[in-house]
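1. give me coordinates for this.
(chains A, B, C and D)
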Number of protein chains: 2
Amino acid sequence: MGRWEPDARGRMIRAAMDLFAERGFEQTTAGDIAESAGVTERTFFRHFADKREVLFDGSATLERTTHDAILAAPDEMSPLEAALTGIVAGGGLLEQRREHAVRRSRIVAAHPSLQERELLKLAAMTESTAKALHERGVAEPAASLAAHSAVTVFHVAFARWIAAQDDDAAQSDDAAHGEERDTEAPPSFVDCVADTAAALRALT
Amino acid sequence: MGRWEPDARGRMIRAAMDLFAERGFEQTTAGDIAESAGVTERTFFRHFADKREVLFDGSATLERTTHDAILAAPDEMSPLEAALTGIVAGGGLLEQRREHAVRRSRIVAAHPSLQERELLKLAAMTESTAKALHERGVAEPAASLAAHSAVTVFHVAFARWIAAQDDDAAQSDDAAHGEERDTEAPPSFVDCVADTAAALRALT
DNA sequence: CCGTTGATGTCAGTCACTGTCATACGTGGA
DNA sequence: TCCACGTATGACAGTGACTGACATCAACGG
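-> Purely as a prediction, here's the structure:
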């Protein structure tokens, strides 16, 4: 429950994204973010374990959502199918905040230490997925392998989804300049997951 | 070429592993490592980009080895088969220094920031594997997916291989205490890869 | 014997992050 | 109405990771 100015956490997250986008991650100090959000540096570190973590606030929710969706999946589904169901559910969260996801992805792509943290979150998602599969009665190493495969699909599908958003933006620019082009809507995340999963199955 | 006492780099790596194993990663400062290796802290950071990197000196070699092995694989092989061939070649490097690999793995497992770095190295290996597959004429997204799958096999197989080394050590202890037990040799890394790859294929 | 090159030592400085204590806010009870 | 109490914050000092600039020293070529 916040007293003082409400939503200090949200203000810090927004300030951080703005500053990282403008000047870059390294050129922004924790003090800069705090000042821009109207708090002190100490308060920043009370809310976030480190400077990078301010960009990963939604990851726990994403993890919980996928975990729950896997447990809710029909019993007849194979381990991989169930895991992919969880991935699709998680993808729904991203589609709800497309703009935020795209902006955030650009920031993360710009600095290795942020990619490192992103990989750690994906690894946590893999763990949580494997755990959910265990609860469905899947044994090792099938559970771990299905979890890794599903998160791979998430990872690759996300990259393609982001790229499509950028393409779409460029296409809109072109259209604004009067060029002829078939203006398809950009693919939904679910479409990307379906395509990627199909390509994975075609691999063997 | 080093003048002064030779192999400063190697001395720092050994000192770091010893200290990390004794006191833990956080309780060891970069200055401690440098002093223990007979150099200054500044020299440590000239050799390693950061404190964690001292544990990842072999990763470039591992990456190059797998990349080259993939290019050298027979043309008839499927993308995934070729990628797995690279993984097996990389595994050879680990078997050559089993003791070192086991010790290092224990240290990395003990601290999240080291796991983060390990994941970044695995991601680099994935990139490099995908690039090698591109050079073999594999298109996207098949190349990325095969690369991710192969690295997943590496990851899971490595974990099982390490666990088996530990089991084997425990078993030797038991044997020394006079218990009856069939004393099988611990599985080779290649065995682990074969098992894990089979389990992956069985997933669909 | 001297100049060059590359690895190292020295030192000052920034910034991420932490521990500690004081303080202000809002809540529930006397 | 006022007073304890828990919680979020401010203030401040301190450690350690990492960097930049400059001096130094060992081998090597000429």
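
2. any idea which helix or strand of chain A has the worst average confidence?
-> Between all helices and strands in chain A, the lowest mean by mean pLDDT, DSSP states H and E belongs to helix A:142-176, at a mean of 87.

3. what about that helix and chain B, touching?
-> Yes - with Cβ under 8 Å from any Cβ of the partner chain as the criterion, chain B is reached by helix A:142-176 at A:A142, A:S144, A:L145, A:A146, A:H148, A:S149, A:T152, A:H155, A:V156, A:R160. Any C-beta I mention is one placed from the backbone N, CA and C, and that applies to glycine too.

4. which parts of that helix are buried?
-> By neighbour count with 16 or more other Cβ atoms under 10 Å in any protein chain shown, helix A:142-176 contains the buried residues A:142-162, A:164-165, A:171.

5. interface residues of chain A facing DNA strand C?
-> Contact residues, chain A versus DNA strand C (Cβ under 7 Å from any atom of the strand): A:3-4, A:28-31, A:41-42, A:45, A:49-52.

6. out of those residues, which end up buried?
-> The neighbour-count test (16+ other Cβ under 10 Å) marks A:T28, A:A30, A:K51, A:R52 as buried among the residues of chain A next to DNA strand C.

7. please name every helix or strand in contact with whichever helix or strand comes after the least confident helix or strand of chain A.
-> Counting by DSSP states H and E, the next helix or strand C-terminal to helix A:142-176 is helix A:189-201. On a contact count with 3 or more Cβ pairs under 8 Å, 6 or more residues apart in numbering or on different chains; DSSP states H and E, helix A:189-201 meets helix A:79-96, helix A:142-176, helix B:142-176.

8. I figured A:F56 hits A:E116, correct?
-> No - contact criterion Cβ atoms under 8 Å: A:F56 and A:E116 do not qualify, at 11.3 Å.

9. what do these two both touch?
-> With contacts taken as Cβ atoms under 8 Å, 6 or more residues apart in numbering or on different chains, A:F56 and A:E116 have no neighbour in common.

10. walk me through the domains of chain A.
-> A:8-55, A:59-201 (automatic domain parsing).

11. adding distance to DNA strand D, write those domains out as a markdown table.
-> Converted to a markdown table, those look like this (distance: least, Cβ to the nearest atom of the strand, whole Å):
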| stretch | distance to DNA strand D |
| --- | --- |
| domain A:8-55 | 3 |
| domain A:59-201 | 9 |
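
12. now render the ones you listed as a markdown table, adding distance to B:A101.
-> Converted to a markdown table, the domains of chain A look like this (distance: least, Cβ to Cβ, whole Å):
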| stretch | distance to B:A101 |
| --- | --- |
| domain A:8-55 | 29 |
| domain A:59-201 | 20 |
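
13. so which of those comes closest to B:G91?
-> domain A:59-201 (16.5 Å; Cβ to Cβ).

14. give me the distance from that closest one to the chain's centre.
-> 7 Å (Cα atoms, centre = their mean, to the nearest Å).

15. helix or strand: which one has the closest residue to A:S59 other than its chain neighbours?
-> Distances taken as Cβ to Cβ, 6 or more residues apart in numbering or on different chains place A:K121 nearest to A:S59, at 4.5 Å, with adjacent residues excluded. Here A:K121, judged by DSSP H and E, is contained in helix A:112-135.

16. ditto for A:T28
-> Here A:T28 is covered by no helix or strand, with elements defined by DSSP H and E.

17. now do the same contact list for it.
-> A:A16, A:L19, A:F20.

18. so which of these wins on neighbours?
-> A:A16 (27 neighbours; other Cβ atoms under 10 Å in any protein chain shown).

19. returning to that earlier point: so who does the residue nearest to A:S59 touch?
-> With Cβ under 8 Å, 6+ apart, A:K121 has these contacts: A:F56, A:S59, A:E63.

20. turn those residues into CSV, columns for secondary structure, distance to A:R103 and neighbour count.
-> As requested, those are exported to CSV (DSSP: H, G, I helix; E, B strand; the rest coil; distance: Cβ to Cβ, whole Å; neighbours: other Cβ atoms under 10 Å in any protein chain shown):
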residue, secondary structure, distance to A:R103, neighbour count
A:F56, coil, 14, 19
A:S59, helix, 16, 17
A:E63, helix, 21, 20
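
21. is A:S113 in contact with A:F20, as I believe?
-> No - contact status for A:S113 versus A:F20: not in contact, 11.9 Å apart, counting by Cβ under 8 Å.
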